[in-house]
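Chemist: What would the 3D arrangement of this be:
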Amino acid sequence: MFPPAPLESIDWNRLGIAIQDSVNGHVESTYSVSTGEWSAPKFVQDPYIRVHGLSPALNYGQQAYEGLKAHRGPSGDILLFRPNAHADRLSHSASYVSIPEIPQEHFMKCVKLACARNAEWVAPHTSEALLYIRPLVFGSSGHLALTAPTEFTFAVYVQPGTTYHGVQPLPACVVEDFDRAAPRGTGGAKVGGNYAPVIRHTDKARNQGFHVTLHLDAQTRTCIEEFSTSGFIGIRKTGDCVTVVVPDSKNIVQSITSDSCLALAESFGWKVERREIPWSECKFFDEVIAVGTAASLLPIRLLFRPSTGEKFVYGESTGECTLKLGAALRNIMRGKLEDQFGWTVPLQESDLLLEDVAAKTVEGETNGVNGELNGVEKVNSKVNGRVNGIETANAA
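Modeler: Model prediction:
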């Protein structure tokens, strides 16, 4: 029976974003320069990856990553949200750091396999929890020269959890002593080098009472770019007319959640604008939202700029436009609303990539929840092998 029911041992309504190493495993695939191809996906029952200590990923930051979500629909089916768009964005990010393109078909196969083999970790439809999916790709072979290595690894991890910041409106401040991305730099890529340097600034802001940080453009420091963890949306209301505004910049990650909100806004008959947003315009917005896969739609309570003392307040409660966008997006993701955009992709039993889910078993030591994996025995092999048509490995 696929998909399996959610685990009964999990308190789905009390999940945070802490790492759950008890999930069934992750997927790996490698690219060899000698073959010019990505290997067949391999399901690994271990949270760790074996990588050379002199790999360019660890030494030069040659890596890129993605984040997408899966939810359980009303009938118990599992729905991925816009995986094709995330596949395209990962290849776009990889191109910035000299990593070979991951074909969309291969990305989809790996993501679906990781989710299907961890299907019992997808929360019940009645819960607000979600399955967060983290694909990442990096240079993995030992390589000291500042040139492309001979091997790359693509991995897909999953984690049950909830939204990153929560759902209550939070205060935000502008980061002014650090530029997230330079013009003609890597700001448009989802790579670690655009995130790790921000941590000390977000920690400092949090200690000052600001849970979200905002970046202006590095060249003039007059225009909005994005939040440290999310895209930026501003909303103006004039009578019954609603205008949704997002930054148009090559220096920011193109938010798939933001793009989805714009499509929904247009379907509501609202006006949509992609353009430069001067910082000074923030005083005229009625609602401001931080949007992203992990953050979802986070209402911003106020924006503060330390150097000028400017403070733009949007309210203690979530705005009506944010509520409408959030409800529509959430209901499409969870299969409660007709998906007129073709955004959701259901998991199928065939995504397990098993030749015979019901009948075939392999002798060995079982490992995992009740010794089973989505209706088949899960084997903890001491060496790499093939189980039911798919490679399995335990790095231990």
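Chemist: rest of the way, CA atoms for contacts and neighbours
Modeler: Fine.
Chemist: Beyond the strand or helix carrying K324, next helix or strand please.
Modeler: Using DSSP states H and E, K324 maps to helix 320-333. Going down the chain from helix 320-333, the next helix or strand is strand 344-346, by DSSP H and E.
Chemist: which residues are contacting that following strand?
Modeler: For strand 344-346, the surrounding residues in contact (Cα atoms under 8 Å, 6 or more residues apart in numbering) are D77, I78, L79, L80, F81, R82, P83, I332, M333.
Chemist: Repeat the analysis, applying 6 Å as the threshold.
Modeler: The contact list for strand 344-346, computed with Cα atoms under 6 Å, 6 or more residues apart in numbering, reads I78, L79, L80, F81, R82.
Chemist: for that strand, the distance to its chain's centre please.
Modeler: In terms of Cα atoms, centre = their mean, to the nearest Å, the centre of strand 344-346 is found 16 Å from the chain centre.
Chemist: In stretch 331-350, which residues are buried?
Modeler: I332, M333, R334, G335, W343, T344, V345, P346, L347, Q348, E349 (16 or more other Cα atoms under 10 Å).
Chemist: Tell me who's in contact with the spatially closest residue to G335 that is not a sequence neighbour.
Modeler: Distances taken as Cα to Cα, 6 or more residues apart in numbering put G73 closest to G335, at 4.9 Å, once the chain neighbours are dropped. Contacts for G73 (Cα under 6 Å, 6+ apart) come out as H125, R334, G335.
Chemist: Find the residue at the geometric middle of this structure.
Modeler: G67 (1.5 Å; Cα atoms, centre = their mean).
Chemist: Quick check: that residue touching L136?
Modeler: No: using Cα atoms under 6 Å, G67 is not in contact with L136; the gap is 8.9 Å.
Chemist: and V242, that's in a strand?
Modeler: Yes: read with DSSP: H, G, I helix; E, B strand; the rest coil, V242 is one of the residues of a strand.
Chemist: and it, how many neighbours?
Modeler: 18 (other Cα atoms under 10 Å).
Chemist: For it, name its beta-bridge partners.
Modeler: K237 (DSSP bridges).
Chemist: wait, what's in contact with P74?
Modeler: P74 touches H125, counting by Cα under 6 Å, 6+ apart.
Chemist: Now do stretch 110-121: distance to the chain's middle.
Modeler: 15 Å.
Chemist: which non-adjacent residue is nearest the residue nearest to the centre of the chain?
Modeler: Using Cα to Cα, 6+ apart, the nearest residue to G67 is R134, at 4.8 Å.
Chemist: helix or strand for the one you found, which one?
Modeler: Per DSSP H and E: strand 130-139 holds R134.
Chemist: May I have the strands that pair with that strand, each with its orientation?
Modeler: strand 63-65 (antiparallel), strand 68-72 (antiparallel), strand 151-161 (antiparallel).
Chemist: what distance separates it from the middle of the whole chain?
Modeler: On Cα atoms, centre = their mean, the centre of strand 130-139 falls 7 Å from the chain's centre.
Chemist: go on, stretch 246-256?
Modeler: Worked out by Cα atoms, centre = their mean, stretch 246-256 lies 16 Å from the chain centre.
Chemist: And the nearest residue to G319 once chain neighbours are set aside, how close does it get to V244?
Modeler: Nearest residue to G319, sequence neighbours excluded (Cα to Cα, 6+ apart): E287, at 6.2 Å. Taking Cα to Cα, to the nearest Å as the measure, E287 falls 9 Å from V244.
Chemist: again, but for D77
Modeler: The gap separating D77 from V244 is 33 Å, by Cα to Cα.
Chemist: still on that earlier bit, overlap in contacts of E287 and V244?
Modeler: G234, I235.
Chemist: residues in contact with W270?
Modeler: Going by Cα under 6 Å, 6+ apart, W270 touches V242, T243.
Chemist: Kindly recompute the last result at 7 Å.
Modeler: C241, V242, T243 (Cα atoms under 7 Å, 6 or more residues apart in numbering).
Chemist: Repeat that for S258.
Modeler: S258 sits in contact with G231, V291, where contact means Cα under 7 Å, 6+ apart.
Chemist: repeat that for 10 Å
Modeler: 230-233, 246, 264, 289-293, 296-297 (Cα atoms under 10 Å, 6 or more residues apart in numbering).
Chemist: May I ask which two of those are separated the most?
Modeler: Using Cα to Cα, the two most remote members of the contacts of S258 are S230 and L264, lying 18.3 Å apart.
Chemist: Just the C-alphas of stretch 54-71, formatted as PDB.
Modeler: C-alpha atoms of stretch 54-71 as PDB (Å, rounded to 0.1, in the frame of the first residue of the first chain):
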ATOM      1  CA  LEU A  54      40.600  18.200   0.200                       C
ATOM      2  CA  SER A  55      37.400  18.400  -1.900                       C
ATOM      3  CA  PRO A  56      36.700  21.800  -3.500                       C
ATOM      4  CA  ALA A  57      33.400  21.800  -1.700                       C
ATOM      5  CA  LEU A  58      35.100  21.900   1.700                       C
ATOM      6  CA  ASN A  59      38.000  24.000   0.700                       C
ATOM      7  CA  TYR A  60      36.600  26.400  -2.000                       C
ATOM      8  CA  GLY A  61      32.900  26.400  -1.300                       C
ATOM      9  CA  GLN A  62      32.000  24.700  -4.600                       C
ATOM     10  CA  GLN A  63      28.500  23.800  -3.800                       C
ATOM     11  CA  ALA A  64      24.900  24.700  -4.400                       C
ATOM     12  CA  TYR A  65      21.600  23.700  -2.800                       C
ATOM     13  CA  GLU A  66      17.800  23.800  -3.100                       C
ATOM     14  CA  GLY A  67      14.800  23.600  -0.800                       C
ATOM     15  CA  LEU A  68      11.300  22.400  -1.600                       C
ATOM     16  CA  LYS A  69       8.400  20.800   0.200                       C
ATOM     17  CA  ALA A  70       6.000  17.800   0.200                       C
ATOM     18  CA  HIS A  71       2.600  17.600   1.900                       C
END
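Chemist: can you pull the pLDDT of the residue nearest to the centre of the chain?
Modeler: pLDDT, G67: 96.
Chemist: Go ahead and confirm it touches L80.
Modeler: No: with contact defined as Cα atoms under 10 Å, G67 does not reach L80; the gap is 11.5 Å.
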